[in-house]
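Enquirer: Kindly generate the corresponding structure for this input.
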Amino acid sequence: MGRYSNPDNVSRLKRILAGQGSDRPSHRPVPSLRQRQTRLTAQQVSELIARHERGARIDELAATFDVHRTTVMTHLDRADAERRSGVIQRHLEEARRLYEAGSSLARVADHFGVDGETVRQAFKNAGISLRPRRGWQY
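Expert: Numbering: from 1, shown residues only. Coordinates of the predicted model:
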């Protein structure tokens, strides 16, 4: 047996019993299960993109097609589908007018079919100041 070969179990046990080795259990006593892969067919990808264009949110699509949200975004990117943030960027001035006229971020978001956080991020990136939230002390 060479210096770098794997020792057999008997010699390992002898070393452990002699106090020269450690008897630590493996850090992974049970092998983990393989991650389940869901591959969408071309027809499913087409349906996913069509639903997104009709206003379905990424989380809804992920749940419907039983995939992760990043998988949904990857399919949308491959198809060059417009993201919701792109909708707000194109209509930023209209969104600003609605917000400054008294609409909440949620109402502005509903007007454009996006999430309120998308509008908030777009305003933040454009340097548009936001009103304090109702009931918050600043």
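Enquirer: For residue 64, see how far away residue 118 is.
Expert: 20 Å (Cβ to Cβ, to the nearest Å). Every C-beta, even on glycine, is put in place using the N, C-alpha and C of the backbone.
Enquirer: more crowded one of these two?
Expert: residue 118 (20 against 14; other Cβ atoms under 10 Å).
Enquirer: For the more buried one, pull up the helix or strand it's in.
Expert: In the assignment (DSSP states H and E), residue 118 maps to helix 116-126.
Enquirer: Alpha carbons of that helix, as CSV, please.
Expert: Taking Å, rounded to 0.1, in the frame of the first residue of the first chain, the C-alpha atoms of helix 116-126 are listed here in CSV:
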residue,chain,number,x,y,z
GLY,A,116,-45.5,49.3,-6.6
GLU,A,117,-41.9,48.5,-5.8
THR,A,118,-41.1,48.8,-9.6
VAL,A,119,-42.5,52.3,-9.6
ARG,A,120,-40.7,53.2,-6.4
GLN,A,121,-37.4,51.9,-7.8
ALA,A,122,-37.9,53.8,-11.1
PHE,A,123,-38.6,57.0,-9.2
LYS,A,124,-35.6,56.5,-6.9
ASN,A,125,-33.3,55.9,-9.9
ALA,A,126,-34.7,59.0,-11.7
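Enquirer: so how far is stretch 90-97 off the chain centroid?
Expert: 27 Å (Cα atoms, centre = their mean, to the nearest Å).
Enquirer: Ok, stretch 40-47 next?
Expert: 20 Å.
Enquirer: Flag every buried residue along it.
Expert: Neighbour-count burial for stretch 40-47, with 16 or more other Cβ atoms under 10 Å as criterion, is recorded at 40, 45.
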